[in-house]
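# sequence first, then the predicted structure, then my questions.
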Amino acid sequence: MKIKKSDGSFIGSFSSPSGRDEDLECDIVNFPGKTAVWSKDAYNNTITAFEIEPGTCACSGGAVVDGGNVPITDQKAGSMLVFPYYTNAGQADTRIQITNAGVDPVKVHILLLDKSCQQLDYYACITPNGSLTDKASVFDPANTGYIIALAVNDTGQPIVANRLIGNAFVNDGEYVDNYGAEAFWGGAEYVPSVVANNTKNNTANLTLKAPCEFAVEIQSPKDAVQRVIVAGLRGDVNMMSVSGAAQEGTGFAYNAQEQGGSFQKFLTGSCFSDALITNTFPRVPTTLGTIINTGNAGHMRFSIGAGVGLLMTAKNSQSRFYGIRTLHKTKTTQVTLTVPVFMPTC
């Protein structure tokens with residue numbers, strides 16, 4: 001059944017391909033110029049695609065803002081930076097750097113969210129052309145999570161100040177490399193609201209055009225140890241109710257010859273997801289290690305609620321090619337992220 005979202009009125013209906021639908025997932029990629037829905041049967045593990053009207057199916061249940069030209073990137077300045085991963089667990093450590101690439105001073109509200117979505121924060125005041133450098137072993141010892149850095153005014157209200165750039169050096173056992181912080185350009189991908197008063201804290205609502213679908217190029221799991229990290233960007237930081245990092249719907253894995261299969265529940269969790277790619281995970285027909293065999297490469301496509309992430313490839317005897325890089329983003333969805341507001345102390 002199809003309904004009009006604005007008032008709930010009935011538009012039309014379509015029939016299931018056969019059997020009982022276990023899951024439905026939109027697809028505007030695999031059939032150029034057309035919109036399709038994939039239906040997975042509950043009993044025989046088959047999937048069937050059928051065409052629907054363009055623009056009637058959206059990524060992750062939200063309005064699709066971009067269909068491929070996603071502007072969020074780690075190669076530009078912005079008013080909001082996201083570092084999808086830091087750690088100081090065991091002998092590991094992470095060094096972050098935030099630079100003011102503008103001509104005016106800027107105050108930065110730095111929010112640290114751990115795997116359980118608990119938040120702590122601090123402020124930094126960065127002069128023009130100045131940088132903040134800090135280590136996870138100092139700002140959040142013995143912990144793992146991700147960072148959101150916001151440009152703010154003298155009262156702590158998020159503002160548009162598109163002059164922040166950042167990067168992180170990760171030294172996490174066999175995962176060793178540098179990556180750039182994802183930047184959200186204020187006024188476009190990032191719109192801060194006025195402060196909203198509540199009974200406990202002042203808060204600000206950030207309207208984000210956040211990535212909700214990724215296409216991730218991978219090596220054969222027989223040749224490399226690979227992890228996918230996703231940091232969620234939807235919900236309320238104050239209330240420990242941030243989400244968006246988990247997979248939504250059906251994902252697909254392909255080899256270089258366009259052969260592949262579908263998978264589900266590769267990424268789980270709420271605000272933070274960390275999944276290891278193996279020969280048998282994510283679970284696809286004939287196994288992922290068979291579809292993308294040794295010496296070959298392929299890619300995975302999957303949707304989430306809203307967030308950004310990394311592909312981390314281990315440096316060990318199994319991996320000839322290793323490193324850390326941000327995920328390729330193919331769609332965005334508009335979401336709201338609520339953050340605490342208080343007076344800067346720097």
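Perfect, thanks for sending it.
# for the one helix or strand Arg301 maps to, buried residues please.
Following DSSP states H and E, one finds Arg301 within strand 297-304. By neighbour count on 16 or more other CB atoms under 10 Å, the buried set for strand 297-304 is 298-304. Where C-beta positions appear, they are placed from N, C-alpha and C, glycine not excepted.
# what strands flank that strand, and is each parallel or antiparallel?
strand 202-219 (antiparallel), strand 247-255 (antiparallel) (DSSP bridges).
# can I get the ones you listed in a markdown table including mean neighbour count, distance to Val70 and mean pLDDT?
Formatted as a markdown table, the strands paired with strand 297-304 follow (neighbours: other CB atoms under 10 Å; distance: least, CB to CB, whole Å; pLDDT from 0 to 100):
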| stretch | mean neighbour count | distance to Val70 | mean pLDDT |
| --- | --- | --- | --- |
| strand 202-219 | 22 | 6 | 95 |
| strand 247-255 | 21 | 17 | 95 |
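# export those strands to CSV and tack on distance to Ala92?
Shown next, in CSV, are the strands paired with strand 297-304 (distance: least, CB to CB, whole Å):
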stretch, distance to Ala92
strand 202-219, 23
strand 247-255, 26
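# so which of those strands gets nearest Thr338?
Set against Thr338 and scored by CB to CB, the strands paired with strand 297-304 come closest in strand 202-219, at 5.2 Å.
# CA atoms of the closest one as PDB?
Coordinates of each C-alpha in strand 202-219 appear next as PDB, following Å, rounded to 0.1, in the frame of the first residue of the first chain:
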ATOM      1  CA  ASN A 202      20.000  24.300  27.000                       C
ATOM      2  CA  THR A 203      20.200  22.400  23.700                       C
ATOM      3  CA  ALA A 204      20.600  23.100  20.000                       C
ATOM      4  CA  ASN A 205      19.100  21.200  17.200                       C
ATOM      5  CA  LEU A 206      21.400  20.600  14.200                       C
ATOM      6  CA  THR A 207      19.700  19.900  10.900                       C
ATOM      7  CA  LEU A 208      22.100  17.600   8.900                       C
ATOM      8  CA  LYS A 209      22.200  16.200   5.400                       C
ATOM      9  CA  ALA A 210      23.800  13.000   6.700                       C
ATOM     10  CA  PRO A 211      25.000  10.100   4.600                       C
ATOM     11  CA  CYS A 212      22.700   7.100   4.700                       C
ATOM     12  CA  GLU A 213      24.100   4.800   2.000                       C
ATOM     13  CA  PHE A 214      27.700   3.700   1.300                       C
ATOM     14  CA  ALA A 215      29.500   1.800  -1.500                       C
ATOM     15  CA  VAL A 216      32.700   0.300   0.000                       C
ATOM     16  CA  GLU A 217      35.500  -1.100  -2.100                       C
ATOM     17  CA  ILE A 218      37.100  -4.100  -0.300                       C
ATOM     18  CA  GLN A 219      39.800  -6.700  -0.900                       C
END
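# which neighbouring elements make contact with the helix or strand that that strand is followed by?
Later in the chain than strand 202-219, the nearest helix or strand by DSSP H and E is strand 226-232. The contact analysis (3 or more CB pairs under 8 Å, 6 or more residues apart in numbering; DSSP states H and E) places strand 226-232 against strand 80-87, strand 202-219, strand 272-277, strand 307-313.
# now for those, which one comes closest to Thr336?
Closest approach to Thr336 among the helices and strands packed on strand 226-232 (CB to CB): strand 202-219, 5.3 Å.
# what pLDDT does the spatially closest residue to Asp140 that is not a sequence neighbour get?
Nearest residue to Asp140 in three dimensions, chain neighbours excluded: Leu112, at 5.3 Å (CB to CB, 6 or more residues apart in numbering). Listed pLDDT for Leu112 reads 97.
# what do you get for Lys5?
46.
# do Glu22 as well
At Glu22, pLDDT is 61.
# cool, the one 3 residues further on as well?
The per-residue pLDDT reported for Glu25 equals 67.
# what of Thr199?
pLDDT for Thr199: 43.
# what's the answer for Pro17, then?
With respect to pLDDT, Pro17 scores 65.
# report the secondary structure state of Ala161.
When classified by DSSP: H, G, I helix; E, B strand; the rest coil, Ala161 comes out as coil.
# show residues contacting stretch 153-160.
Here stretch 153-160 makes contact (CB atoms under 8 Å, 6 or more residues apart in numbering) with 79-80, 107, 109, 123, 150-152, 186-187, 190, 192, 194-195, 202, 204, 206, 339, 341-344.
# those residues, buried ones only, as a ChimeraX selection?
Restricted to buried positions by 16+ other CB under 10 Å, the ChimeraX selection for the contacts of stretch 153-160 reads:
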select :79,80,107,109,150,151,152,186,190,192,202,204,206,339,341,344
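# okay, helices next: where are they in this protein?
136-139, 288-291 (DSSP state H).
# now render these as JSON lines, adding mean neighbour count, distance to Val176 and mean pLDDT.
Below are these laid out as JSON lines (neighbours: other CB under 10 Å; distance: least, CB to CB, whole Å; pLDDT from 0 to 100):
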{"stretch": "helix 136-139", "mean neighbour count": "17", "distance to Val176": "14", "mean pLDDT": "96"}
{"stretch": "helix 288-291", "mean neighbour count": "20", "distance to Val176": "25", "mean pLDDT": "96"}
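# how near is Ile52 to Ala215?
Going from Ile52 to Ala215 by CB to CB, to the nearest Å gives 22 Å.
# over to Tyr175?
22 Å.
# how about Val242?
24 Å.
# that older thread, just checking, the residue nearest to Asp140 touches Gln118?
No - between Leu112 and Gln118 there is no contact under CB atoms under 8 Å: 9.0 Å.
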